[in-house]
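[1] Coordinates for the following, if possible.
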Amino acid sequence: DMPAQQDETLNIVRITKLAIEIFNEDYIYFFSDEEEIISKFDRTQLIRVVTNLVKNSIQAIEQKRPENPRIDVTVSTNEEATKIVVKDNGIGIDKKYHHKIFKIFHALNKSKESSGIGLSIVKKVTDLYEGNVWAESEVNQGSTFFFTIKK
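    Residues are numbered from 1 along each chain as shown. You can find the predicted model right below:
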C-alpha cells in the first residue's frame, strides 16, 4: 500500500545521488548537468523510484555478467520536466515484452525478497505526479529507463 503523499521542495539531484549511494556496486556512475534541480515531490517516493530502477539494472547485469558492467544514472531538466535516466549494459529485454515491462519486472522483483516494491510502484508514483516512465531495451545490449516528473 502506498503511504500518503508528503510533498516537499526537494533538490532532485541530491536525493537521487543519496538514493544510489546505498548500493555497494562500484560500477554505478552518477551524472547531472546541474548541482540543483528543485521540484516538489515526496522524498520517500523519489528514493523508491531511483532504488527500484537501479536494483532492476543490477539484476540485469548479474544475469548477463558483462566484462565491464556499468550503470549510469543521469538527472537533467528543461522547462517542463525533470528527467532521471538509468542505463545499464545488462541482459536487456526482448522487444515482444516491451509493452508489459512494468508487469514483468513486478513479477521478477517479487521473487527477490530484497527488491522492495518493484516497477509497478514506479508506474504508480509516476501516475500520481502526472509524470512518465518508459524503457528502451535491446537483448544482450542492456536497458535504459526514463522517468520524468513535471516541474
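[2] Pull the distance from the helix or strand Ile58 falls within to the chain's centre.
    Using DSSP states H and E, Ile58 sits within helix 43-64. Per CA atoms, centre = their mean, to the nearest Å, the displacement of helix 43-64 from the mean C-alpha position of its chain is 5 Å.
[3] elements contacting that helix?
    strand 7-11, helix 12-20, strand 71-77, strand 81-88, helix 101-110, helix 118-128, strand 142-150 (3 or more CB pairs under 8 Å, 6 or more residues apart in numbering; DSSP states H and E). The way it works is simple: take the backbone N, C-alpha and C, and place the C-beta from them, glycine included.
[4] export the ones you listed to JSON lines and tack on mean neighbour count, mean pLDDT and distance to Ser32?
    Compiled in JSON lines, the helices and strands packed on helix 43-64 are given as follows (neighbours: other CB atoms under 10 Å; pLDDT from 0 to 100; distance: least, CB to CB, whole Å):
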{"stretch": "strand 7-11", "mean neighbour count": "13", "mean pLDDT": "92", "distance to Ser32": "10"}
{"stretch": "helix 12-20", "mean neighbour count": "19", "mean pLDDT": "97", "distance to Ser32": "5"}
{"stretch": "strand 71-77", "mean neighbour count": "20", "mean pLDDT": "97", "distance to Ser32": "4"}
{"stretch": "strand 81-88", "mean neighbour count": "21", "mean pLDDT": "95", "distance to Ser32": "10"}
{"stretch": "helix 101-110", "mean neighbour count": "17", "mean pLDDT": "58", "distance to Ser32": "25"}
{"stretch": "helix 118-128", "mean neighbour count": "19", "mean pLDDT": "78", "distance to Ser32": "20"}
{"stretch": "strand 142-150", "mean neighbour count": "21", "mean pLDDT": "92", "distance to Ser32": "14"}
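[5] and Val49, which of the ones you listed is closest to it?
    In terms of CB to CB, the element of the helices and strands packed on helix 43-64 nearest to Val49 is helix 118-128, at 5.1 Å.
[6] Also compute the angle for that closest one relative to helix 43-64, please.
    On the basis of axes from the mean of the first three to the mean of the last three CA atoms, to 10 degrees, helix 118-128 is oriented at 140 degrees to helix 43-64.
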